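S.K.: Any chance you could fold what I've pasted below:
(one chain, ligands or ions: 2)
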Amino acid sequence: MTATRIDGKAIAGELRAKIAVEAEKLINETKVVPGLAVIIVGEDPASQVYVASKGRAANECNFHSVQHTLAVDTSEEALLSLVDELNNDIAIHGILVQLPLPDHIDESKVLNLIRPDKDVDGFHPINVGLLTAGERDKAMVPCTPAGSLILTKRVLGDLSGKTAVVVGRSNIVGKPMAALLLAESCTVTIAHSRTKDLPAVVRGADIVVAAVGRPQMVKGDWIKEGACVIDVGINRIPAPERGEGKTRLVGDVDYDSAVERAGFITPVPGGVGPMTIALLMANTLTAARRTAGLDDLDYASLLG
Ligand SMILES: NC(=O)C1=CN([C@@H]2O[C@H](COP(=O)(O)OP(=O)(O)OC[C@H]3O[C@@H](n4cnc5c(N)ncnc54)[C@H](OP(=O)(O)O)[C@@H]3O)[C@@H](O)[C@H]2O)C=CC1
Ligand SMILES: Nc1nc(=O)c2c([nH]1)NC[C@@H]1CN(c3ccc(C(=O)N[C@@H](CCC(=O)O)C(=O)O)cc3)C=[N+]21
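M.R.: Ligands and ions are numbered 1, 2, ... in the order given. You can find the predicted model right below:
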């Protein structure tokens, strides 16, 4: 079997276009302009790329957007006071602090200070709690898992009763992904670095989500025939075939072997990454709509 490629880039583009229309409506009807603030500490080139594409997407969606770039030696106190200021800024509905932060800053202290209703990353304990307690509709849901779920449902439809294996247990991807799949009534297994016989565990899955951070680790012969493979990994590896010192982006799945077994598979780049950014826009619009007393939109059904 050769898998159908899930075009995350195209689906994310569709979603941003719908969000732009909805934002325009919100602005015309309520004068509320969705506002997103992104904070980045230090000059990590990969982070700069993501932050720049977040700014572009925000403009495309008719949002107000600001970026705060702080020096790598910024004190924790200065970062906390910026978050506090944005918490109290009525023009800002979403606050994102780009991770990872430098070692001298306590990440959880910063994330926990963000007002839960402005926490468009969905990392605040209140939002984590709402999601795991089965109150997803009241939570801000983390963007990467939310985008991954939209892609999965788009190709599989109803997920009820399907077996899902999430490889990786981070707070930003693995755990919230597992919570979302559980809420969809999948039978969910979370695998990690201590999992025994990972290939056998993955072979049982109708849905495989790879969020490991290890280039091309999940091999084709681990994949059950016809499974849906969602590759969250973003890894830059040397690509001497492109010339001296060149690199290329690969996922956590060995695409070339997995595409021969899977039913559906996301590519890297052009899969989950663009969906993450589109869902960040969706969460910002949701936060803005909530301040205007409006109901949430269902972004998956907006896509039709
Ligand atoms: N596309 C997107 O929008 C995004 C992509 N990413 C990418 O997703 C990947 C994962 O990110 P993130 O969750 O933050 O990563 P983390 O490093 O926080 O977590 C990685 C997880 O993988 C597990 N793991 C590591 N090695 C193995 C192994 N050999 N076998 C099984 N499990 C293993 C770890 O297990 P343990 O807990 O036991 O250590 C851990 O739970 C990265 O490539 C990252 O760049 C991240 C965010 C957004
Ligand atoms: N607070 C916080 N929230 C995040 O959501 C967050 C974060 N910190 N830190 C870093 C990770 C990583 N991440 C990505 C987003 C988009 C792409 C993306 O669009 N990737 C393109 C390729 C981009 C390229 O060429 O480098 C693609 O996959 O097609 C990738 C990775 C969000 N993260």
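
S.K.: Give me the distance between the nearest residue to residue 147 once chain neighbours are set aside and ligand 1.
M.R.: Leaving aside its chain neighbours, residue 147 sits nearest to residue 275 (2.9 Å; criterion: C-beta to C-beta, 6 or more residues apart in numbering). In this view, the C-beta of every residue, glycine as well, is placed from N, C-alpha and C. Distance, residue 275 to ligand 1, using C-beta to the nearest ligand atom, to the nearest Å: 7 Å.

S.K.: ditto for residue 70
M.R.: The value you get for residue 70 to ligand 1, if C-beta to the nearest ligand atom is used, is 21 Å.

S.K.: Tell me if I'm right that that residue and residue 80 touch.
M.R.: No. The criterion here is C-beta atoms under 8 Å, and residue 70 misses it with residue 80 at 11.6 Å.

S.K.: Need the three-state assignment for the residue nearest to residue 113 when sequence neighbours are not counted.
M.R.: Among residues not flanking residue 113 along the chain, residue 83 sits closest, at 4.9 Å (C-beta to C-beta, 6+ apart). Classification of residue 83 by DSSP: H, G, I helix; E, B strand; the rest coil places it in helix.

S.K.: pLDDT score assigned to residue 83?
M.R.: Here the pLDDT value assigned to residue 83 is 98.

S.K.: pretty sure it is touching residue 111, no?
M.R.: No. The pair residue 83 / residue 111 is not scored as a contact, 9.1 Å apart, by C-beta under 8 Å.

S.K.: Those two: which has the busier surroundings?
M.R.: A count of neighbours by other C-beta atoms under 10 Å puts residue 83 above the other of residue 83 and residue 111, at 23 against 19.

S.K.: tell me the contacts of the more buried one?
M.R.: 39, 95, 97, 110, 113-114 (C-beta atoms under 8 Å, 6 or more residues apart in numbering).

S.K.: And those, which of them are buried?
M.R.: 39, 95, 97, 110, 113-114 (16 or more other C-beta atoms under 10 Å).

S.K.: can you count the residues close to the nearest residue to residue 173 once chain neighbours are set aside?
M.R.: What sits nearest to residue 173 in space, not counting adjacent residues and going by C-beta to C-beta, 6+ apart, is residue 211, at 4.0 Å. Neighbour count of residue 211, defined by other C-beta under 10 Å: 25.

S.K.: how about residue 211, phi and psi?
M.R.: phi -140, psi 70 (degrees, to the nearest 10).

S.K.: What's the separation between it and ligand 1?
M.R.: For residue 211 relative to ligand 1 (C-beta to the nearest ligand atom), the value is 4 Å.

S.K.: need the contact list for the residue in the stretch 151-300 of the chain positioned nearest to ligand 2.
M.R.: Residue nearest to ligand 2 within the stretch 151-300 of the chain: residue 273 (2.3 Å; C-beta to the nearest ligand atom). With contacts defined as C-beta under 8 Å, 6+ apart, the neighbours of residue 273 are 8, 234.

S.K.: same check, this time on residue 67
M.R.: Counting by C-beta under 8 Å, 6+ apart, residue 67 makes contact with 37-40, 51, 55.

S.K.: try it again with 7 Å
M.R.: Contacts here follow C-beta atoms under 7 Å, 6 or more residues apart in numbering; on that basis residue 67 touches 38, 51, 55.

S.K.: The second one is in contact with residue 36, isn't it?
M.R.: No. No contact is recorded between residue 51 and residue 36 when judged using C-beta atoms under 7 Å, the distance being 11.1 Å.

S.K.: more crowded one of the two?
M.R.: The residue with more neighbours, out of residue 51 and residue 36 and counting by other C-beta under 10 Å, is residue 36; that gives 28 against 17.

S.K.: In space, what's closest to the residue nearest to the spatial centre of the chain - neighbours in sequence excluded?
M.R.: Compute the mean C-alpha point of the chain, and by C-alpha atoms, centre = their mean the closest residue is residue 144, 1.5 Å away. Using C-beta to C-beta, 6+ apart and skipping the chain neighbours, the partner closest in space to residue 144 is residue 276 (4.6 Å).

S.K.: cool, residue 46 as well?
M.R.: Residue 46's closest residue in space is residue 236 (C-beta to C-beta, 6+ apart), at 7.4 Å.

S.K.: Check whether the helix or strand that neighbour falls within comes into contact with ligand 2.
M.R.: Per DSSP states H and E, residue 236 falls inside strand 235-238. No. Using C-beta under 6 Å from any ligand atom, strand 235-238 stays clear of ligand 2, with a minimum separation of 7.6 Å.
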